[in-house]
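Student: Provided below are the primary sequence and the corresponding predicted coordinates.
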Amino acid sequence: MHAFRATAPRRRGVALLAATFALLCALAWQAQASWATYGKVSVVKVNYGGNPSDTFTFDYNLGPSPGPGTGSFTIAGGQKSPTYKVECNVPASGAYCYTPALNVTERPTPGYTFTGAVCRSTNAHSSSYVEPTTSSPVDSDTKVDPQSRRIDFKVSLYEWVKCWVTNTRDTGTVTITKHVVPAQGTTDTGKFDLTLDGTVKAQDVGDGGSTGALTVPTGDHTVGELAGTGTSLDDYDSSISCDDGNGTVSGASISVTKGSTWSCVITNARKFTPASPVVTPSPSATQTQSPAPAIQVLSETKTSPKPGTAKLRGPSGCPIRATTASVTGKRIAKVTFYLDGRKVRTVAHPDSHGRWNLRVTTRTLPYGRHRLRVVVTFKSGTTTKRKTLSMSFTRCHAAVVTPQFTG
């Protein structure tokens, strides 16, 4: 009985100590929560001169909880990374920081050069964070290393640091020049459209005409040409030669590297067509000749080829609705339509009204001037060679109508 009475107080004392310890732990946790020293970081990607759909990958080390630890994210130009809540690493009066390392590193992206990062910050001095904008103050203690493409964040209590990281597309230049070689003893007035990757860069140029230096992204590109006004490529032998200072390349395909300068020459040599010999009949042949010459002349008159004709009608000015470009004429075999230098359609048969048509939907085209060019091929046996016709129209912006108010 005495032993029981002696043990009971000790048990009550142990229970009291355990309860006190739990209470102290709860108070310590509550105090730690009340002393939480958090900030935020985020990244925005800026893609200068590249394809908007290209993506960029970053690796991050953003400290222990509540930070996300280590990982990576991938974003395209104009996109923002997730916003990460991190432990502050800039001690301040009345706030304790664990001073973790907080950094983000961009991986190398083929075809792009890291050209800088600007970090800006805001501090609301409360848990009601305010996201930085491009007009927010520059965060002077966050450092950027261009060589390693690494950002070392410095974040104080309730501060949000946001960095705009810029990559510039690597480029080179391409210049295309036309060289025309006329047939012997003649001059040549042929006109040509010079193209790069299928897009016309210079129209109706003759010998010595050029696109000038064209800035292009690194990678493979194709140099070419189309027949200009009144010109048929069938009348010429063509060749392409390109040089970037490291050797000459024959053919239309070139590979542009960062900073390279390509010069391409497209040569068109006029094909030589010998004149038909003139045969003078001998006197004896004339004497024995029957009235056959009259028969020959009659035969030539019956079978002499006739010329082909073609006329183009279509959109002009600023068409608002879809419209039709039509070619009409005689002895036409086919019509090929080109819009802004790109082949759109080849029509091999006319409609019931004898028209060779292309439907043009202007609302699907970019705003500005557009050039429609057609190449008309005539039936064999005609005296007319392939003919090129062209016209221009503009997709205009809708007029802004100012409402008129009456009293």
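Tutor: Noted; the coordinates are in hand. Numbers count the residues shown, from 1 in each chain.

Student: Could you pull out the helices in this structure for me?
Tutor: With DSSP state H, the ranges of helices along the chain come out as 2-34, 283-288, 292-303.

Student: what number of residues lie near residue 62?
Tutor: 22 (other Cβ atoms under 10 Å). Any C-beta I mention is one placed from the backbone N, CA and C, and that applies to glycine too.

Student: That one is in contact with residue 81, isn't it?
Tutor: No. If you go by Cβ atoms under 8 Å, residue 62 and residue 81 don't touch, sitting 10.9 Å apart.

Student: Tell me, how many residues neighbour residue 393?
Tutor: Residue 393, neighbours per other Cβ under 10 Å, totals 20.

Student: so who does it touch?
Tutor: By Cβ atoms under 8 Å, 6 or more residues apart in numbering, the contact set of residue 393 is 314-319, 362, 369-370, 372.

Student: give me that answer again for 10 Å
Tutor: For residue 393, the contact set (Cβ atoms under 10 Å, 6 or more residues apart in numbering) comprises 314-319, 323, 325, 360, 362, 365, 369-372.

Student: Which of those residues are buried? Put it as a PyMOL command.
Tutor: Buried members of those, defined by 16 or more other Cβ atoms under 10 Å, are picked up in PyMOL with:
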select buried, resi 314+315+319+323+325+360+362+370+372
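
Student: What is the nearest of the contacts of residue 393 to residue 245?
Tutor: Using Cβ to Cβ, residue 371 is the member of the contacts of residue 393 that sits closest to residue 245, with 33.7 Å.

Student: Identify the spatial nearest neighbour of the closest one, chain neighbours not counted.
Tutor: residue 392 (5.1 Å; Cβ to Cβ, 6 or more residues apart in numbering).

Student: Could you break the chain into its assigned domains?
Tutor: In terms of domains, the chain is parsed into 34-169, 171-270, 308-395 (source: automatic domain parsing).

Student: Can you add mean pLDDT and give those domains back as a markdown table?
Tutor: Below are the domains of the chain laid out as a markdown table (pLDDT from 0 to 100):
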| stretch | mean pLDDT |
| --- | --- |
| domain 34-169 | 90 |
| domain 171-270 | 89 |
| domain 308-395 | 86 |
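
Student: any chance you could map the strands in the stretch 201-350 of the chain?
Tutor: 210-217, 219-227, 236-243, 248-250, 253-256, 261-270, 309-313, 323-330, 332-339, 342-347 (DSSP state E, counting those that start in this stretch).

Student: Ok, which of those comes nearest residue 153?
Tutor: strand 210-217 (32.2 Å).

Student: tell me how far that closest one is from the chain's mean position?
Tutor: Its chain's C-alpha centre and that of strand 210-217 lie 15 Å apart, by Cα atoms, centre = their mean, to the nearest Å.

Student: In JSON lines: the strands of the stretch 201-350 of the chain, plus distance to residue 129.
Tutor: Formatted as JSON lines, the strands of the stretch 201-350 of the chain follow (distance: least, Cβ to Cβ, whole Å):
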{"stretch": "strand 210-217", "distance to residue 129": "39"}
{"stretch": "strand 219-227", "distance to residue 129": "42"}
{"stretch": "strand 236-243", "distance to residue 129": "55"}
{"stretch": "strand 248-250", "distance to residue 129": "56"}
{"stretch": "strand 253-256", "distance to residue 129": "45"}
{"stretch": "strand 261-270", "distance to residue 129": "49"}
{"stretch": "strand 309-313", "distance to residue 129": "63"}
{"stretch": "strand 323-330", "distance to residue 129": "55"}
{"stretch": "strand 332-339", "distance to residue 129": "51"}
{"stretch": "strand 342-347", "distance to residue 129": "50"}
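
Student: thinking again about what came up before, common neighbours of residue 62 and residue 81, please.
Tutor: With Cβ under 10 Å, 6+ apart as the test, residue 62 and residue 81 both reach 41, 104.

Student: who's in contact with the residue most central in space within the chain?
Tutor: In the chain, the C-alpha nearest the mean C-alpha coordinate belongs to residue 51, at 5.1 Å (Cα atoms, centre = their mean). Neighbouring residues of residue 51 by Cβ under 10 Å, 6+ apart: 76-77, 111, 169, 217.

Student: can you check residue 203 too?
Tutor: Per Cβ under 10 Å, 6+ apart, neighbours of residue 203: 191-194, 209, 226, 228-229, 341, 371, 373, 390.

Student: Let's have those residues in CSV, adding distance to residue 305.
Tutor: Listed next are the contacts of residue 203 as CSV, based on distance: Cβ to Cβ, whole Å:
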residue, distance to residue 305
191, 26
192, 28
193, 29
194, 34
209, 34
226, 27
228, 26
229, 24
341, 33
371, 32
373, 26
390, 26
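
Student: Now the buried members of the residues you listed.
Tutor: 191-194, 209, 226, 228, 341, 373, 390.

Student: Just give me the closest of these to residue 347.
Tutor: Checking the buried ones among the contacts of residue 203 one by one against residue 347 (Cβ to Cβ), the nearest turns out to be residue 373, at 14.1 Å.

Student: Please report how far the closest one lies from residue 254.
Tutor: Noted for residue 373: a distance of 25 Å to residue 254, by Cβ to Cβ, to the nearest Å.
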